[in-house]
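Engineer: Next comes the sequence, and after it the predicted model I'd like to discuss.
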Amino acid sequence: MNLMMKLLIGTNNENKLGQFRLIFSHLRLDVEALSLNDMGISDDVEEDENNLLANAKKKAQTYAGISGIMTLADDTGLFVDVLNGEPGIHAKRWHVGTESERCHKLLERLKGIPEEKRTARYIGVVAIYDPDKKEFWTYEGSLEGLISDEFKGKMGFGYDPIFKLPDGRHFAELSDEERTSMNHRGKAIRKYFNLKNI
């Protein structure tokens, strides 16, 4: 009988936590994805490093140090070519307000620029830290698309409603299973557990 692996998800973002739990469920992995709240952790690690990998590793190592268990953390950025990579690694902190307000702010910056010139990509890094072995495992992935003026879909979060994939669908229109098969979170978990279709 396999013992269930306990894995702390080092985020205060309920959307990210929910997505990781869906991934483990879809892949039928014996993983108990614990939240910071489950562990009684109220600390918020500041993402003040200058790249996604460093931010993800900092969060994973910090929360693992507090909890004493293996911890996963990730960091994601949205990079728009015509804006010289903005919002970049500060995608969430780039503009104060709600997710919808951040989307509208991005569209303001892109006003008058044709859609075909609004090439963009999500880049995400997952870091898992084992406090016993003091070892990191990391994965980086990207997803290409365009920034659309039109909001579509209710399944995603962040910039997903205006992130248009090469097949014409917006990322927020995809099912949970489709999104987790395409984004860095799903691909990282598949690779970590040596599953196919990464």
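Structural biologist: Structure's in. What do you need? Numbering: from 1, shown residues only.

Engineer: pLDDT-wise, which helix or strand of the chain ranks last?
Structural biologist: Lowest on mean pLDDT, DSSP states H and E among the helices and strands of the chain sits helix 176-182, with a mean of 88.

Engineer: per-residue confidence at residue 61?
Structural biologist: Residue 61 is assigned 98 on the pLDDT scale.

Engineer: What of residue 125?
Structural biologist: We have a pLDDT of 96 for residue 125.

Engineer: helix, strand or coil for it?
Structural biologist: Assigned by DSSP: H, G, I helix; E, B strand; the rest coil, the conformation of residue 125 is strand.

Engineer: hang on, isn't it packed against residue 184?
Structural biologist: Yes - between residue 125 and residue 184 a contact is recorded at 7.0 Å, counting by C-beta atoms under 8 Å. Quick note: C-beta positions are derived from backbone N, CA and C, even for glycine.

Engineer: which residues are in contact with both of these two?
Structural biologist: Common neighbours of residue 125 and residue 184, using C-beta atoms under 8 Å, 6 or more residues apart in numbering, are 74, 76, 139, 140.

Engineer: ok, and for the least confident helix or strand of the chain, which residues are buried?
Structural biologist: Neighbour-count burial for helix 176-182, counted by 16 or more other C-beta atoms under 10 Å, picks out 176, 179, 180, 181, 182.

Engineer: what residues are up against the third one?
Structural biologist: If I follow you right, that is residue 180. Counting by C-beta under 8 Å, 6+ apart, residue 180 makes contact with 19, 22, 23, 26, 186.

Engineer: Likewise for the second one?
Structural biologist: Residue 179 sits next to 19, 155, 156, 171, 186 when contact means C-beta under 8 Å, 6+ apart.

Engineer: give the contact list for the nearest residue to residue 113 once chain neighbours are set aside.
Structural biologist: The shortest distance from residue 113 to any non-neighbouring residue, by C-beta to C-beta, 6 or more residues apart in numbering, is to residue 82 (5.8 Å). Applying C-beta under 8 Å, 6+ apart, we find residue 82 in contact with 110, 113, 117, 118, 119.

Engineer: Residue 82: what secondary structure?
Structural biologist: Reduced to three states by three-state DSSP, residue 82 is helix.

Engineer: and what of the one 10 residues further on?
Structural biologist: Look at residue 92: counting by three-state DSSP, its state is coil.

Engineer: How many neighbouring residues does it have?
Structural biologist: By the criterion of other C-beta atoms under 10 Å, residue 92 has 17 neighbours.
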